[in-house]
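> Predicted model and sequence follow; I will ask about them next.
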Amino acid sequence: MKNTVLVTIASLFILGCSSDTTEPATAAPADAPAPSASIYDAAVASSTRLEGDYARDAGRKPAAVLEFIGVEAGDTVFDMFAGGGYYTELVADVVGPEGHVDSHSNKPYMNYVGEEFAQRHGNNRLPNVSVIMAENNELELAAEQYDVMLVVLSYHDIYHVDEGNGWYQIDGDQLRAEWLKGLKPGGVIGIVDHVAAAGAPAETGETLHRIDPQRVVAEMTAAGFVLDGESDVLRNANDDHSLSAFAPGIRGNTDRFVMRFIKPAE
């Protein structure tokens, strides 16, 4: 029997600009509005984030990714395999107090991220976030609940198997069907992952922690989603796709695709 557990946050308590010298600068009018960062830039710049998050920003470019996917204030968002919650916290800031984030994890991910999870969610740091703990093939989502879903650097894990650590083979068709059910009509699912060589077999999800982007498109399309856009913001032409995503020298700088799919409006 499937068993998806909603964990409330309260229960986690224990756990040189240049200048032109030929002309004087012109002052802005006194009543001119101050320039403002986008909600995505503001979330990344927030001083309340965990200290370790800032070092990841240059490689992940989260403001550009979230803007492309289209997360907006007031949205209800599902963050799949959120792990330590790097994106969960940023999205929680973007959606604001009128929005909500369900941050999904499981036991293998919890073992991997260590103390980061408790630091992220302890002391009610993220009051508009709930944590969903569901093991592989046990996820159940309410119908038409989410405006946006995120699957960041984990789609390839559909093809990963490590039973010794509790990571059992995922039924990809079942999981994609659950995503489709959980999204509102017109809702968006953003997928970011490490690029595998064109035509690479599904097994690269296991061996290299990469996935052929066209495999993702084919599988998502077959599940009922429509590809709505692709971004090159995380592409790296110097990555030849031959190394594991965790290999020294390429880790954190892999060639990554960013895709936006929609659930067709009924």
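Right, received. Where do you want to start?
> My read is that Val95 contacts Ala73, right?
Yes - counting by Cβ atoms under 8 Å, Ala73 is a contact partner of Val95 at 6.0 Å. Placement of C-beta: from N, CA and C, glycine included.
> Mind telling me what element Asp147 is part of?
Per DSSP states H and E, Asp147 falls inside strand 146-152.
> Alpha carbons only: can I get that strand in CSV?
C-alpha atoms of strand 146-152 as CSV (Å, rounded to 0.1, in the frame of the first residue of the first chain):
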residue,chain,number,x,y,z
TYR,A,146,0.1,22.4,-7.9
ASP,A,147,0.8,25.4,-10.2
VAL,A,148,4.4,24.4,-10.6
MET,A,149,6.6,21.3,-10.1
LEU,A,150,10.4,21.2,-10.0
VAL,A,151,12.5,18.2,-10.8
VAL,A,152,16.1,19.4,-10.4
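> Toward the C-terminus, what is the element adjacent to it?
Toward the C-terminal end, the helix or strand that comes next after strand 146-152 (DSSP H and E) is helix 172-182.
> Tell me which residues of the following helix or strand past that next one come out buried.
Using DSSP H and E, the helix or strand that follows helix 172-182 towards the C-terminus is strand 183-194. For strand 183-194, the neighbour count (16 or more other Cβ atoms under 10 Å) marks Leu183, Lys184, Gly187, Val188, Ile189, Gly190, Ile191, Val192, Asp193, His194 as buried.
> Excluding chain neighbours, give the residue nearest to the fourth one in space.
Right, Val188. Excluding its sequence neighbours, the residue lying closest to Val188 (Cβ to Cβ, 6 or more residues apart in numbering) is Val148, at 5.0 Å.
> if I look at that neighbour, how far off is Lys107?
To Lys107, Val148 is 26 Å away according to Cβ to Cβ, to the nearest Å.
> The two: who's more crowded?
Val148 (26 against 13; other Cβ atoms under 10 Å).
> Could you give the bridge partners of that one?
Val148 forms beta bridges with Val77, Val188, as assigned by DSSP bridges.
> Quick one: the strands in the protein, in order.
Counting by DSSP state E, the segments of the chain that form strands are 5-7, 76-80, 100-105, 129-133, 146-152, 183-194, 226-231, 256-262.
> Throw the ones you listed into JSON lines and include distance to Ala177 and mean pLDDT, thanks.
Shown next, in JSON lines, are the strands of the chain (distance: least, Cβ to Cβ, whole Å; pLDDT from 0 to 100):
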{"stretch": "strand 5-7", "distance to Ala177": "21", "mean pLDDT": "43"}
{"stretch": "strand 76-80", "distance to Ala177": "14", "mean pLDDT": "98"}
{"stretch": "strand 100-105", "distance to Ala177": "16", "mean pLDDT": "97"}
{"stretch": "strand 129-133", "distance to Ala177": "17", "mean pLDDT": "96"}
{"stretch": "strand 146-152", "distance to Ala177": "13", "mean pLDDT": "98"}
{"stretch": "strand 183-194", "distance to Ala177": "11", "mean pLDDT": "98"}
{"stretch": "strand 226-231", "distance to Ala177": "16", "mean pLDDT": "98"}
{"stretch": "strand 256-262", "distance to Ala177": "14", "mean pLDDT": "98"}
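> Measure how buried Asn253 is and give me the count.
Neighbourhood size, Asn253 [other Cβ under 10 Å]: 14.
> swap that for Ile170, sorry
17.
> right, and it touches Asp157 too?
Yes - counting by Cβ under 8 Å, Ile170 touches Asp157, with 7.1 Å between them.
> Quick check: chain neighbours aside, which residue is closest to Asn106?
Counting by Cβ to Cβ, 6+ apart, Asn106 lies nearest to Glu135, which is 5.0 Å off, once chain neighbours are set aside.
> residue ranges with poor pLDDT in the stretch 1-150 of the chain?
Residue ranges of the stretch 1-150 of the chain with pLDDT under 70: 1-37.
> mind listing the helices for it?
Secondary structure of the stretch 1-150 of the chain (DSSP state H, counting those that start in this stretch): helices located at 39-45, 54-60, 62-69, 86-95, 107-113, 116-121.
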